[in-house]
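J.: would you be able to build a 3D model of this:
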Amino acid sequence: MTTMPARVVLATISEQPLDAARLAALVSDDRAGATVSFTGVVRNHDHGRDVDGIDYVRHPSADAVVTEIAGELAGRDGVHAIAVAHRVGTLRVGDLAMVAAVSASHRAEAFVACSELVEQIKARLPIWKKQFFSDGSTEWSNCP
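T.: This next block holds a predicted model:
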């Protein structure tokens with residue numbers, strides 16, 4: 001069996017709605033025994049306050065950063081393919097904000113890689129969040 005390096009099939013920032021099934025399908029690989037995906041969804045509350053929606057705003061470096069993060073995880077043993085997308089723009093409750101999918105030889109490798117992908121994106125991706133609360137107030141977070 002020939003060992004092929006992992007593929008980053010998608011690493012993007014999008015203004016369009018995200019499709020979790022599409023990203024999971026993109027990482028399909030005959031070598032994989034597991035595919036793990038994550039969908040980050042805009043929820044209707046934050047710290048006890050009702051949320052109506054969110055604006056996500058990206059820094060110009062966001063595309064390069066998401067590509068870098070995905071590339072780092074693609075180097076993991078057993079990982080075969082990675083796809084990740086983060087949404088920007090105005091989102092409402094229930095909209096997908098981030099989707100990540102990882103295929104790997106075994107479930108543990110897929111779970112760990114997908115979890116670390118999501119955590120690294122949350123920690124390093126320069127996207128800021130402005131929440132709109134039901135009482136009419138707003139709040140910025142994840143800002144430098």
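
J.: how much space between residue 61 and residue 75?
T.: 21 Å (C-beta to C-beta, to the nearest Å). C-betas here are computed from N, CA, C, even on glycine.

J.: now do residue 23
T.: 20 Å.

J.: looking at the two, which is more packed in?
T.: For the pair residue 23 and residue 75, the greater number of neighbours falls to residue 23 (24 against 9), based on other C-beta atoms under 10 Å.

J.: wait, residue 9 sits on residue 80?
T.: No: using C-beta atoms under 8 Å, residue 9 is not in contact with residue 80, being 10.0 Å away.

J.: who touches both of those two?
T.: Common neighbours of residue 9 and residue 80, counting by C-beta atoms under 8 Å, 6 or more residues apart in numbering, are residue 27.

J.: quick one: which of these two has more around it?
T.: Neighbours were counted for residue 9 and for residue 80 using other C-beta under 10 Å; residue 80 has more, 27 against 20.

J.: so what's the more buried one up against?
T.: Contacts for residue 80 (C-beta under 8 Å, 6+ apart) come out as 4, 6, 7, 27, 29, 31, 32, 103, 104, 105.

J.: which of those tops the neighbour count?
T.: Compared across these, residue 103 has the highest neighbour count, 30 neighbours, by other C-beta under 10 Å.
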